[in-house]
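Q: here is my input, please return the structure:
(chains A and B)
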Amino acid sequence: MRVDGKGRIDRTKPVSFSFDGRTLPAYKGDTLASALIANDVRLVGRSFKYHRPRGILTAGSEEPNAMVEIIGASNQTPNVRATVQEVFEGLAARSQNRWPNLTWDVMQVNDLAAPLLSAGFYYKTFMWPRAFWEGLYEPLIRRAAGLGSLSGKHDEGAYEKAWAHCDLLVIGAGPTGLIAALTAARAGADVILCDETAEMGGRLLSDGGEIDGKPAADWVAQTLAELSGLPNVRMMTRTTVTGAYDDGTFGALERVGLHRRPRPNLPRECFWRIVAKRSILAAGALERAIAFENNDRPGIMMASALTTYLNRYGVVPGKNVTLFANNDGARITARALMQAGVRVAAIVDSREDAPEEPGTTVHRGARVIGTKGRLGVTEITVRKGTTDFRIATDCLGLAGGWNPTVHLTCHMNGRPRWAESLAAFVPSDGAIPGMIAAGSANGSFSTQGCLAAGIVAARQSLEAMGHNTSDVDVPVADDAPYRIAPLWAVPTKKRAWLDFANDVTTKDVALSAQEGFRSVEHMKRYTTQGMAPDQGKNSNVAALAVLADVTGRAIPETGTTTFRPPFTPVSIASMGAGGRADGFAPQRFLTSDQASRDRGAPMIEAGLWYRPSYFPKPGEATWREACDREVRMVRGAVGVADVSTLGKIDLQGRDAGRFLDFIYTNTFSTLPVGRVRYGLMLREDGHVLDDGTTARLAEDHWLMTTTTAAAGLVMRHLEFVHQVFCADWDVRFISVTEQWAQFAVAGPQSRALLTSALGKAPGLPFMGVTPVTIQGVQGRLFRISFSGEEGYEIAVPTRFGEALFRDLTARAETMGGGLYGMEALNVLRIEKGFITHAEIHGRTTAFDIGMEKMVSAKKECIGKAAAARPGMVGPERDQLVGLKPLTDTPISAGAHLFAQSAVANRENDQGYVTSVCWSPTLSSSLGLAFLKNGRARHGETVRLVDHLRKIDVLCTVTDPVFHDPAGEKLRA
Amino acid sequence: MRLNCPHCGPRDRREFYYYGSADYLNRPAADAALQAWDDYLHNRDNPAGVTQDLWYHEQGCTAWLKVKRNTVTHEILSVEPVAGGAA
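A: All right, here's what the predicted structure looks like:
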């Protein structure tokens, strides 16, 4: 219910939201949790395994119980912590893990079956019979597992990712963080201050108290006003620092739009990568529970959460509150409640020497040993000495002590250190390079202690950066001692919960130890302690303490808790922001892209490029019809294709020829100006890296072309060879792939087409190159062919590409020719036996593709030595051959080859098929393949088998060049 | 992770292409024994500690860089260009 005059919500701004279909009122500034408490909703969820009724346990991101689904117009988000989700007009939330509804849940029978469902239940039960696993057990477990549900649709929400750099990152804006940021900011350092909640101030806003004689909230407001006025401070609310990584890099998740009605272009979340020279962990501490019988009922929650709900949100979850404590911290809660007019029935304090508390009864040396109330606590049983008595209550606050929020300090393998006086783990020094943990996060729990530590941490950080420091006086604030007497669990034969989210009880931990899982890491995995979305934030240390107890060891020798990123769950959508659909990879478009699409060409991806697959004509029903026509067109008349995707590298310098000799297996330095040569390059391990042509444009000026696929790879390779082995040679090179548009003109009419386009005959021999002027534009003309026909490639600066493409297309069409796409290009090259990366796939040598003679004996080159190793040449190698099926049957790339009579299995494998096509020129299916000792087996019949596609056909082994083997057309 | 490129300053690792051990700098002579080539191409130490490897500033100045780093602490100890090494 609401408490008048309390809280920081805006009571002038009422909003309504829905929970499980019920519309409820709230105010701007409420979290879903505070709004539910305001509406006296106690039962908010069902536990994971036993489907126990559960209420809100905490007021922060560590919440293990109150996880809900948020239903949006374009997305449905499961396992959202009601303690983090802010309320806005129209927010729709739904409870999880219950059917048909929250108060009557069928699966609560699990609770009665609890003796069967203890830790390790899955491992023991679903072992046999083995055959049941796939059909029965796995679907059963998958149905029962998980909490929230997904919509099954794409999340259409907008997400962002961003980068930030700063001198000092301050994580957490409580007393420590605020004063640390102020100290650094006044000194002029570039500061980023992040806080997880909507409003900065931390426990100063929750606990009240005074600083310098004024309400702590006033000091917060004054500090925030100063910080927000400084240009060197960036303040990020609703931003959780989720991970600490190398080099001062942090991941942080900002809830940009989750707290308001969706709007177009409003990102839901932004994932930040923050790089900081230094950092201060001022993340505070998390209060922990105490395990006792039936300690998981709705209405039982953290004492500190009660104060937060009262002072930040103006709500209390009960009218008659009891507290169970082992330290003085619960007194802040008791006083705040009583001051607000809420009855505090009793403080059950486990310490014999606990102080009295005016206004309520303190039961010293007492423990809560049981509770009652099916859907919410109504009564607790207390044991003091040998006397048991009952206290009626509708809300029990637990104050089991504080765990410093050490999580980030564990992210780079740091192990926290056990501080006996605090009965808690504190960060180890230097766990994250450049990070100082300060205040409660470092075990300093008083306000005064936090303020002092914040200033020291900031000064140390500034000094470490060589930055000047500033004057900040330590304000005077509460400095009460902590005074804890550890109490982790009240002994019981029944169930006492540790991990509320995963339903792990003290019995489960004892069972784990009993069955030999005595190490913390084993216990965690055996019981699933700490493995839920909350990652055991308020239960791991207690579970460790219980394990230490049952194994008769001290806590430090039992182990430590290890936390890994992220601190709180991070949506994959935010980390991958921008990476969906078109954003997945950059897209590269040809200058002819629109012209190709205008003609209805389906575009296919070639690396990052988009290239036309074929150009359909009216009446053509399939791609094959278009492809066959385009092949016949090139062989019979003339075809035009955009080949600009091929890599182009411009090389210049006196030693460029010498450099090419070192890169290529064959010799280039002897190539005359105005000529082009085909070259083969190897990797240093002797396998083929790439092939292509290189033209000598002038004495010291060369132009290399690479395959489309290997353009980047070859550039990197050239840079490597140059910088590592011959940096002093006079050669420089740069990629000009983007600078030139280049078009293939191929076929018997290609010379006529170019004569009309250039206004004169090209007059170029096969493998010649010449500068040309085409309609006033300076270009280059190469006589090279990838089709086996007389062919040219004409290149112009990119800005003229589209115009030239349209011009060449129009000219070709008047001559009975036209455009051809990737499919036809592939058929043309297979008919001619030209290789692509289907053949030079990284495991083939020059010998394998029949080009061993191209490895010059007269000079050194990259890969030459390794190519001569035993096993790289010889009859045992799979060698490039052509294949022609004996019958009119399609064949497939990826099929394997066998001797005619052999069984088609791995042992009998003789080779494999790399490329296939239907050849309209030869009216046959054709294949390129690698066959063991293939060059000696031309004319032989082999069996081609594709088990996957159910193809089994006999083929004749041939020379890989099917079309015009003498090359007469090429040289015409 | 960032590398302090000698030409471009500190840059995010996404700008770099990782190649492999700095052993690749020590190319054997053309007529070296098979074993020397085998070592050069294939045999690598896998140290827990300081190692040297080669990175290419592909999205930057295109320099090949020799990076000395610690595989345990992830500390980058030095970054220097390979150019100027043995020809």
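Q: now do the strands in the stretch 51-200 of chain A.
A: For the stretch 51-200 of chain A, strands defined by DSSP state E, counting those that start in this stretch occupy the ranges A:53-54, A:67-71, A:76-81, A:92-95, A:159-171, A:191-194.
Q: avg pLDDT for the shortest one?
A: Think strand A:53-54. Mean pLDDT, strand A:53-54: 93.
Q: how far does it sit from its chain's centre?
A: Centroid separation for strand A:53-54 versus its chain: 33 Å, with CA atoms, centre = their mean, to the nearest Å.
Q: give me the residues contacting that strand.
A: Strand A:53-54 is contacted from outside by A:43-47, A:65-66, A:102-103, A:108, A:296-298, A:374-376, A:500, using CB atoms under 8 Å, 6 or more residues apart in numbering or on different chains. Glycine gets a C-beta too; all of them are placed from N, C-alpha and C.
Q: and the gap between the closest residue to residue A:478 other than its chain neighbours and residue A:88?
A: Distances taken as CB to CB, 6 or more residues apart in numbering or on different chains put residue A:447 closest to residue A:478, at 4.6 Å, once the chain neighbours are dropped. Distance from residue A:447 to residue A:88, counting by CB to CB, to the nearest Å: 32 Å.
Q: do residue A:383 as well
A: 46 Å.
Q: so who does the residue in the stretch 201-350 of chain A that chain B sits nearest to touch?
A: The stretch 201-350 of chain A approaches chain B most closely through residue A:246 (4.5 Å), counting by CB to the nearest CB. Residue A:246 sits next to A:412, B:1, B:74 when contact means CB under 8 Å, 6+ apart.
Q: need the pLDDT of the second one.
A: On the pLDDT scale, residue B:1 is placed at 88.
Q: quick check: it touching residue A:275?
A: No: using CB atoms under 8 Å as the test, residue B:1 is too far from residue A:275 to be in contact (10.3 Å).
Q: between these two, which one's more packed in?
A: residue A:275 (17 against 13; other CB atoms under 10 Å in any protein chain shown).
Q: and the more buried one, its phi and psi?
A: phi -110, psi 120 (degrees, to the nearest 10).
Q: skipping adjacent residues, who's closest to it in space?
A: Residue A:275's closest residue in space is residue A:165 (CB to CB, 6+ apart), at 4.8 Å.
Q: burial count for that neighbour?
A: Residues near residue A:165, counting by other CB under 10 Å, number 15.
Q: need the contact list for the residue in chain B that chain A sits nearest to.
A: For chain B, the residue closest to chain A is residue B:83, as judged by CB to the nearest CB, at 4.0 Å. Under the criterion of CB under 8 Å, 6+ apart, the neighbours of residue B:83 are A:723, A:724, A:727, B:63, B:64.
Q: now it: how far from residue B:27?
A: From residue B:83 over to residue B:27 the distance is 15 Å, taken as CB to CB.
Q: what residues does chain B have near chain A?
A: Within chain B, the positions lying close to chain A (CB under 8 Å from any CB of the partner chain) are B:1-2, B:17, B:19, B:24-25, B:27-28, B:30-32, B:34, B:37, B:40-41, B:56, B:58, B:62-64, B:74, B:76, B:81-87.
Q: so which of the residues you listed belong to helices?
A: Using DSSP state H, B:34, B:37, B:40, B:41 are the members of the residues of chain B next to chain A that sit in helices.
Q: filter the residues you listed down to the buried ones.
A: B:37, B:40, B:41 (16 or more other CB atoms under 10 Å in any protein chain shown).
Q: leaving out sequence neighbours, find the closest residue to the last one.
A: When you say that, I think you mean residue B:41. Here the residue nearest residue B:41, using CB to CB, 6+ apart, is residue A:685, at 5.2 Å.
Q: repeat for residue A:881
A: Nearest residue to residue A:881, sequence neighbours excluded (CB to CB, 6+ apart): residue A:934, at 3.9 Å.
Q: kindly report the same for residue A:741.
A: Nearest non-adjacent residue to residue A:741 (CB to CB, 6+ apart): residue A:801, at 2.7 Å.
Q: ok, residue 46 - how many residues close by?
A: Answering for chain A, as no chain was given. Using other CB under 10 Å, residue A:46 is surrounded by 24 other residues.
Q: you looked at the wrong chain, it should be chain B
A: 7.
Q: do the same with residue A:399
A: Neighbours of residue A:399 (other CB under 10 Å): 28.
Q: with the one 3 residues further on instead?
A: Neighbouring residues of residue A:402 were enumerated by other CB under 10 Å; the total is 23.
Q: how about the residues of chain A by chain B?
A: Within chain A, the positions near chain B by CB under 8 Å from any CB are A:245-247, A:249, A:275, A:684-685, A:712, A:716, A:719-720, A:723-729, A:860, A:864-866, A:869.
Q: distance of residue A:572 from chain B?
A: The gap separating residue A:572 from chain B is 19 Å, by CB to the nearest CB, to the nearest Å.
Q: list phi and psi for that residue.
A: According to degrees, to the nearest 10, residue A:572 has phi -60, psi -30.
Q: which element is residue A:512 on?
A: Per DSSP states H and E, residue A:512 falls inside helix A:506-514.
Q: just the CA trace of that helix, in PDB.
A: Output of helix A:506-514 as PDB, limited to C-alpha atoms (Å, rounded to 0.1, in the frame of the first residue of the first chain):
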ATOM      1  CA  THR A 506      20.300 -26.100   2.400                       C
ATOM      2  CA  LYS A 507      19.300 -29.800   2.000                       C
ATOM      3  CA  ASP A 508      20.400 -29.800  -1.600                       C
ATOM      4  CA  VAL A 509      23.800 -28.400  -0.700                       C
ATOM      5  CA  ALA A 510      24.200 -31.000   2.100                       C
ATOM      6  CA  LEU A 511      23.100 -33.800  -0.300                       C
ATOM      7  CA  SER A 512      25.700 -32.500  -2.800                       C
ATOM      8  CA  ALA A 513      28.500 -32.800  -0.200                       C
ATOM      9  CA  GLN A 514      27.200 -36.200   0.900                       C
END
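Q: can you name the residue of the stretch 551-700 of chain A nearest chain B?
A: Here the stretch 551-700 of chain A gets closest to chain B at one residue, residue A:685, 5.2 Å apart by CB to the nearest CB.
Q: is it true that residue A:431 touches residue A:410?
A: Yes: if you go by CB under 8 Å, residue A:431 and residue A:410 touch, sitting 7.1 Å apart.
Q: which ones are touching residue A:95?
A: So residue A:95 contacts A:19, A:20, A:44, A:45, A:46, A:68, A:69, A:102 (CB under 8 Å, 6+ apart).
Q: circling back: just the buried members of the residues of chain A next to chain B?
A: Taking 16+ other CB under 10 Å as the criterion, what is buried in these is A:245, A:247, A:249, A:275, A:684-685, A:712, A:716, A:719-720, A:723-727, A:729, A:864-866.
Q: tell me what the most centrally placed residue in chain B is bridged to.
A: Centroid-nearest residue in chain B: residue B:54, 1.7 Å away (criterion: CA atoms, centre = their mean). Beta bridges link residue B:54 to residue B:20, residue B:66, judged by DSSP bridges.
Q: pLDDT score for it?
A: 98.
Q: residue A:153 now?
A: At residue A:153, pLDDT is 87.
Q: now for it, how many residues are close by?
A: For residue A:153, the neighbour count with other CB under 10 Å is 9.
Q: return the residues in contact with the residue nearest to residue B:41.
A: Applying CB under 8 Å, 6+ apart, we find residue A:685 in contact with A:863, A:866, B:41.
Q: ok, those vs residue A:899, which is closest?
A: residue A:866 (31.3 Å; CB to CB).
Q: could you measure from the closest one over to residue B:36?
A: In terms of CB to CB, residue A:866 sits 11 Å off from residue B:36.
Q: swap in residue A:745?
A: Distance from residue A:745 to residue B:36, by CB to CB: 49 Å.
Q: between those two, who's got more neighbours?
A: Ranked by neighbour count (other CB under 10 Å), residue A:745 and residue B:36 place residue A:745 first, with 28 against 15.
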